[in-house]
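S.K.: With the input below, show me the fold.
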Amino acid sequence: MRNFLRNLFQREKEPDIPAPEPNYTEIINKIKQTEESQDIQPGRKIHAFDYDLFELRLDRDITNQYRITVFRGSERVYSFTVFVTKQELQKLDKAYRDVISFLKENPSVAHLPDNDLLKGFYFGNS
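M.R.: Numbering: from 1, shown residues only. Predicted coordinates for the structure are as follows:
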């Protein structure tokens, strides 16, 4: 019995397996198709995909800028305003890469991006 309990509670920690890189080309193509096929109002979801424990949703804010919102479950954790136009999809690709890099490497408030392409905001509790 003692061996059973010891084996039950002394399990080795499973190795951390990094989340696979998203297919950015496929994401950008889906966004392009969605925007070409319909007129999407500000605040309406254009595209969403899962990355690790997060869901990343793309929409446009009231200033007509792209916005990438990061959710953990139903909780909005981060939001990133992306300063690009509909014609600058290569920059949107770079913005997605920067957001994924932020989530992978150091997702802390002190390291939120703030540059010509991307401005990050934190919505968590702490």
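
S.K.: List the beta-bridge partners for the spatially most central residue of the chain.
M.R.: In the chain, the centroid-proximal residue (CA atoms, centre = their mean) is Leu56; its distance is 3.6 Å. Going by DSSP bridges, Leu56 is paired in beta bridges with Phe49, Val70.

S.K.: what's the distance between it and Tyr96?
M.R.: Note on Leu56: its distance to Tyr96, by CB to CB, to the nearest Å, is 8 Å. Placement of C-beta: from N, CA and C, glycine included.

S.K.: list the residues that contact both of these two?
M.R.: Ile68 (CB atoms under 8 Å, 6 or more residues apart in numbering).

S.K.: Check the offset of stretch 64-80 from the chain's centre.
M.R.: 7 Å (CA atoms, centre = their mean, to the nearest Å).

S.K.: How about stretch 109-117?
M.R.: 14 Å.

S.K.: and the residue nearest to the centre of the chain, what is it in contact with?
M.R.: Applying CB under 8 Å, 6+ apart, the residues contacting Leu56 are 48-50, 68-71, 96, 99.

S.K.: now Leu53
M.R.: Arg72.

S.K.: In this structure, what residue spans correspond to strands?
M.R.: 47-51, 54-60, 66-72, 75-82, 118-122 (DSSP state E).

S.K.: Can you add mean pLDDT and give those back as a markdown table?
M.R.: Shown next, in a markdown table, are these (pLDDT from 0 to 100):
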| stretch | mean pLDDT |
| --- | --- |
| strand 47-51 | 94 |
| strand 54-60 | 94 |
| strand 66-72 | 95 |
| strand 75-82 | 94 |
| strand 118-122 | 94 |
